[in-house]
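Undergrad: what's the 3D shape of this:
(one chain, ligands or ions: 2)
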Amino acid sequence: MLVFAHRGASADAPENTLLAMRTAVAQQADGIEFDVQQIGNELVVFHDRVLSRTTNGSGLLQDQSIQELHRLDAGQEQTIPTLWQVLELIDGQCLVNIEVKGHVEPQLLVSYIHRAKTELNFRLDQFIVSSFNHHFLLEFSALEPNIKIGALTASKPLTYAAFAEKLKAYSVNIDMSVLDQKYIADAKNRGLKVMVYTVDNARELIQLKEWGVDAVFCNGPRKALITLNQM
Ligand code: G3P
Ligand code: MG
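TA: Ligands and ions are numbered 1, 2, ... in the order given. Below is the predicted model of the structure:
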């Protein structure tokens with residue numbers, strides 16, 4: 001079972017910052033998940049719609065210019081990074097799950113991933129693009145069918161994982177709180193990988209591995225890897 005750092009190693013560094021990414025790589029996470037939003041023609045790595053929870057700013061992320069965002073303090077001398085800064089830092093050292101929030105132009109994200117393959121040490125198969133916005137995923141995979149997509153969900157529909165199969169997704173990325181063994185079996189039968197967020201509890205990690213889950217998103221990847229290696 002692969003361990004992805006959730007928003008970088010967010011238990012040990014401010015979430016979605018370069019420090020969180022560096023820490024995740026140092027902790028030998030198999031992959032890193034982070035959230036991406038579009039500001040003008042730029043993609044930034046940031047989770048919320050509002051600035052106040054994770055920075056010294058206030059109001060909406062979307063109301064700021066990229067210059068204003070770079071001036072904000074995200075804790076421990078970190079700022080809000082661009083997607084490209086994060087990709088440069090990771091530089092192919094592990095898998096990457098880019099989670100798309102809000103309105104992002106699919107072509108812009110495709111071009112950054114292609115640039116990472118050309119200019120950095122990434123292979124295309126190291127990327128998963130996920131989103132709760134399945135319309136975005138459909139557009140994205142029509143543009144670039146060679147990049148894996150993860151169909152995010154926080155619910156267990158009556159049709160289980162059928163939506164992800166319909167999207168021709170690589171994986172269904174599901175909230176721990178709605179997951180059960182029947183859901184996993186349904187997803188596996190459809191040829192989907194199962195990735196689960198957000199799991200930091202040792203008993204839950206062990207349970208998920210025993211159930212055959214493919215990957216987990218953890219705020220503390222180092223601790224999760226220790227737990228799993230002791231099984
Ligand atoms: O990608 C898994 C997880 O990050 C989805 O929820 O709110 O933490 O971005 P959220
Ligand atoms: Mg996320």
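
Undergrad: for this structure, longest strand please?
TA: strand 31-39 (DSSP state E).

Undergrad: what separates that strand from the chain centre, distance-wise?
TA: Computed by Cα atoms, centre = their mean, to the nearest Å, the chain-centroid distance of strand 31-39 equals 6 Å.

Undergrad: Any residue of it touching ligand 1?
TA: Yes. Strand 31-39 reaches ligand 1 (Cβ under 6 Å from any ligand atom) through 33, 35. Placement of C-beta: from N, CA and C, glycine included.

Undergrad: immediately after that strand, which helix or strand?
TA: strand 42-45 (DSSP states H and E).

Undergrad: which secondary structure elements does that following strand contact?
TA: Here strand 42-45 touches strand 31-39, helix 66-70, helix 83-90, helix 106-119, going by 3 or more Cβ pairs under 8 Å, 6 or more residues apart in numbering; DSSP states H and E.

Undergrad: Comparing the ones you listed, which comes out most buried?
TA: Comparing these by mean neighbour count (mean count of other Cβ atoms under 10 Å), strand 31-39 comes out on top with a mean of 23.

Undergrad: other SSEs contacting that one?
TA: strand 2-6, helix 18-26, strand 42-45, helix 83-90, strand 95-100.

Undergrad: Briefly note if that strand comes near ligand 2.
TA: Yes. Using Cβ under 5 Å from the ion, strand 31-39 reaches ligand 2 at residue 35.

Undergrad: angle of the longest strand of the chain against helix 106-119?
TA: 130 degrees (axes from the mean of the first three to the mean of the last three Cα atoms, to 10 degrees).

Undergrad: Each with direction, which strands does strand 31-39 pair with?
TA: strand 2-6 (parallel), strand 42-45 (antiparallel), strand 95-100 (parallel) (DSSP bridges).

Undergrad: Would you point to the one among those strands that's packed deepest?
TA: Each of those was scored by mean neighbour count; the highest is strand 2-6, a mean of 26, by mean count of other Cβ under 10 Å.

Undergrad: okay, the strands paired with strand 31-39 in JSON lines with distance to ligand 2 and mean pLDDT next?
TA: Formatted as JSON lines, the strands paired with strand 31-39 follow (distance: least, Cβ to the ion, whole Å; pLDDT from 0 to 100):
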{"stretch": "strand 2-6", "distance to ligand 2": "7", "mean pLDDT": "99"}
{"stretch": "strand 42-45", "distance to ligand 2": "10", "mean pLDDT": "98"}
{"stretch": "strand 95-100", "distance to ligand 2": "4", "mean pLDDT": "99"}
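
Undergrad: JSON lines for those strands, including distance to residue 137?
TA: Supplementary listing: the strands paired with strand 31-39 in JSON lines, determined by distance: least, Cβ to Cβ, whole Å:
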{"stretch": "strand 2-6", "distance to residue 137": "18"}
{"stretch": "strand 42-45", "distance to residue 137": "16"}
{"stretch": "strand 95-100", "distance to residue 137": "8"}
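
Undergrad: Out of these, which is closest to residue 130?
TA: Within those, the stretch nearest residue 130 is strand 95-100; the backing value is 5.0 Å (Cβ to Cβ).

Undergrad: tell me how far the closest one is from the chain's mean position?
TA: In terms of Cα atoms, centre = their mean, the centre of strand 95-100 is set 4 Å apart from its chain centre.

Undergrad: and what of stretch 13-31?
TA: 12 Å.

Undergrad: can you list contacts of it?
TA: For stretch 13-31, the external contacting residues (Cβ atoms under 8 Å, 6 or more residues apart in numbering) are 2-5, 7-10, 12, 32, 34-35, 45-47, 54, 74-76, 78-81, 85-86, 89-90, 93-97, 128, 215, 218, 221-222, 225.

Undergrad: Good, we can wrap up now.
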